[in-house]
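Asks: Provided below for reference: sequence and predicted model.
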Amino acid sequence: MGESYATAFRMKAACERVTGFRFDKPAGYRFAPGQHFRLTLTTLGGDQTRTFSHASSPLDPFLEMATRLTGSPFKVALGDLVRGDEAAIDGPHGGFVVPAGAGQLCLLAGGVGITPARSIVRDAEQRRSGLRIRLFYGNHDQACIPYSGEFAEYERKDRRFKVVHVLEDPLPGWAGERGLITADILRRYVDPLDGWCFFVSGPPGMVSAMRDVLGELSVPSERISAEEFAGYG
Ligand SMILES: Cc1cc2nc3c(=O)[nH]c(=O)nc-3n(C[C@H](O)[C@H](O)[C@H](O)COP(=O)(O)OP(=O)(O)OC[C@H]3O[C@@H](n4cnc5c(N)ncnc54)[C@H](O)[C@@H]3O)c2cc1C
């Protein structure tokens, strides 16, 4: 669908580095989990557009996105939105979607790259799709892991869903995986690797590193989908 206007409201910051925003869903707006949209705002530098993955699921009555407020003119305008302000939304776009017939998903997300993965997981849980999902979620430390409470809740309710947190530089007391997502970590939780579809989302550097990891594991390229958050270095 083309451009439509939605009113915005800001959510409580998930943590210091990531803030969520919700928009009323424009009438007739439909998307598949994992797709993205383009948001245009009037900034001090004129109208500017950025791309965001849907973080919400199609069943949610609102559109949700999550981002880092970097101080760019666009993000200042985003942070200044108040309930009722209008924003132009153009979407949905993109093919980062679960293929029909897929039964096992392995999601690899880095930082704010969690947004399309959260949409896919939330949709699967809301619909009780029966999908088997392993989410490998890389972050810096325990202080900022957006949606971690929700993922923990899904894990409690659904034995087919598992989240593996991998923290680059964890605060003291962390007993989980540390460093970056590696082939060894994937092997520990997904064995055998056959039959899984791999979805990678995050900044370009992370996506490229994950392609190398999946190459090391000889995962065929047709079983790998990637969403690069161009604009994050
Ligand atoms: C498919 C996809 C999905 C994404 N999903 C998310 C998401 O869910 N959450 C998230 O935080 N980010 C996401 N991003 C990245 C997002 O679009 C921004 O690039 C990022 O948030 C940084 O924006 P900024 O304004 O903070 O930084 P800036 O440094 O100001 O801008 C980032 C980039 O935007 C480009 N740009 C600058 N000015 C303009 C302009 N006037 N019009 C258009 N482009 C311009 C530049 O090439 C620059 O490299 C996604 C990107 C893609 C491609």
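Replies: Okay, I see it. Numbering: from 1, shown residues only.
Asks: how about the residue of the chain at minimum distance from the ligand, phi and psi?
Replies: With Cβ to the nearest ligand atom, the shortest gap between the chain and the ligand falls at Gly231, namely 1.9 Å. Every C-beta, even on glycine, is put in place using the N, C-alpha and C of the backbone. Torsion angles at Gly231 (phi, psi; degrees, to the nearest 10) stand at phi 110, psi -20.
Asks: Just list the residues touching it, thanks.
Replies: Gly231 is in contact with 50-51, counting by Cβ atoms under 8 Å, 6 or more residues apart in numbering.
Asks: Show the model's pLDDT score for it.
Replies: In this model, Gly231 is scored at 85, pLDDT.
Asks: For the protein, what lies in contact range of the ligand?
Replies: 36, 48-53, 65, 67-68, 70, 72, 74-75, 94, 112, 115, 227, 229-232 (Cβ under 6 Å from any ligand atom).
Asks: Sort out which of these are in strands and list them.
Replies: When those are checked against strands (DSSP state E), the matches are 36, 48-53, 65, 67, 227.
Asks: Of those residues, select the buried ones using a PyMOL command.
Replies: Filtering those down to the buried ones (16 or more other Cβ atoms under 10 Å) takes a single PyMOL command:
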select buried, resi 36+48+50+51+52+53+65+67+227
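Asks: Show me which pair in the ones in strands among the residues of the chain next to the ligand is furthest apart.
Replies: The span of these, defined through Cβ to Cβ, is set by Gln48 and Glu227 at 21.1 Å.
Asks: Please state the offset of the strand or helix carrying Ser208 from the chain centre?
Replies: Here Ser208 sits within helix 204-216, counting by DSSP states H and E. When distances are taken as Cα atoms, centre = their mean, to the nearest Å, helix 204-216 is centred 17 Å away from the chain's centroid.
Asks: going forward can the numbers begin at 550, since that is how I track them
Replies: New numbering, starting at 550: the last item is helix 753-765.
Asks: packing partners for it?
Replies: Contacts of helix 753-765 with other secondary structure elements, assessed using 3 or more Cβ pairs under 8 Å, 6 or more residues apart in numbering; DSSP states H and E, are made with strand 653-659, helix 732-738, strand 746-751, strand 773-777.
Asks: per-domain residue ranges of this protein.
Replies: 552-642, 653-777 (automatic domain parsing).
Asks: dump the residue contacts of the residue most central in space within the chain.
Replies: Centrality entry for the chain: nearest residue to the mean C-alpha point is Thr664, 1.9 Å, by Cα atoms, centre = their mean. Residues in contact with Thr664 (Cβ under 8 Å, 6+ apart) are 601-604, 614-615, 750.
Asks: ok, what's across the strand from Ser602?
Replies: For Ser602, the beta-bridge assignment (DSSP bridges) gives partners His585.
Asks: Kindly provide the distance from it to Ala732.
Replies: As defined by Cβ to Cβ, to the nearest Å, Ser602 lies at a distance of 26 Å from Ala732.
Asks: same question, Ile682
Replies: 20 Å.
Asks: Neighbour count for these two, which is higher?
Replies: For Ile682 and Ala732, the more surrounded residue by other Cβ atoms under 10 Å is Ile682, and the numbers stand at 23 against 16.
Asks: before we move on, which element is that one in?
Replies: When secondary structure is defined by DSSP H and E, Ile682 falls within strand 681-688.
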